[in-house]
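Chemist: Fold the following, please.
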Amino acid sequence: MTAPWRYQHVGAYLAAVRRAHAALAAGKRIRMWWGDWEGVDRAGFRKEFVAALHRRITRKVEPDPRGRKDSQEYRTGMLRDKYRLIDSARRIRIYEFETDDCRRRFGDRLATRDE
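Modeler: Numbering: from 1, shown residues only. Now for the predicted structure:
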């Protein structure tokens, strides 16, 4: 049994899965794709079925919104702020953070110029 590339309706997909289960229960191996010459057994079919299910679910989910935190400049600033926080733990004076998030969370660690 060779699975078709695309299923127009859920009923066609369900019928193909039922045929595959029946063939596997009879001890046969089934071909999952055109280059699969030796076929897969029950464990291989389960692995492919679960992977296909995950692909279908992922296709339905909208992509993550891209915002300012995904920009290269923001990530570079966060990296620099990380090293500034490490320096503050070493008792080195730091006077500013690049990102708003670090200023908000770790503003108490900033040194003032008049100290």
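Chemist: contacts, neighbours, all on C-alpha from now
Modeler: OK.
Chemist: What separation do you get for the most centrally placed residue in the chain and residue 83?
Modeler: Most central in the chain under CA atoms, centre = their mean is residue 58, positioned 9.2 Å from the mean C-alpha point. With the distance defined as CA to CA, to the nearest Å, residue 58 ends up 36 Å from residue 83.
Chemist: How about residue 109?
Modeler: 13 Å.
Chemist: okay, the two: which has more neighbours?
Modeler: Per other CA atoms under 10 Å, whichever of residue 109 and residue 83 has more neighbours is residue 109, with 17 against 11.
Chemist: Quick check: chain neighbours aside, which residue is closest to that one?
Modeler: Closest residue to residue 109 apart from its sequence neighbours, by CA to CA, 6 or more residues apart in numbering: residue 88 at 7.0 Å.
Chemist: ranges for the helices of this structure?
Modeler: 10-25, 42-60, 72-89, 100-106 (DSSP state H).
Chemist: closest to residue 114 out of these?
Modeler: helix 72-89 (17.3 Å; CA to CA).
Chemist: Give me the residues contacting that closest one.
Modeler: Here helix 72-89 makes contact (CA atoms under 8 Å, 6 or more residues apart in numbering) with 68-69, 93-94, 97-99, 102, 109.
Chemist: Looking at the residues you listed, state which has the most neighbours.
Modeler: residue 97 (20 neighbours).
Chemist: quick one: that residue and residue 103 touch, right?
Modeler: Yes: look at residue 97 against residue 103 with CA atoms under 8 Å: they come within range, at 5.8 Å.
Chemist: Can you give me the neighbour number for residue 73?
Modeler: With other CA under 10 Å as criterion, residue 73 counts 12.
Chemist: now do the one 4 residues further on
Modeler: For residue 77, the number of neighbouring residues by other CA under 10 Å comes to 15.
Chemist: that older thread, so which of the helices of the chain is nearest residue 113?
Modeler: Taking the helices of the chain one by one with CA to CA, helix 72-89 is closest: 15.1 Å.
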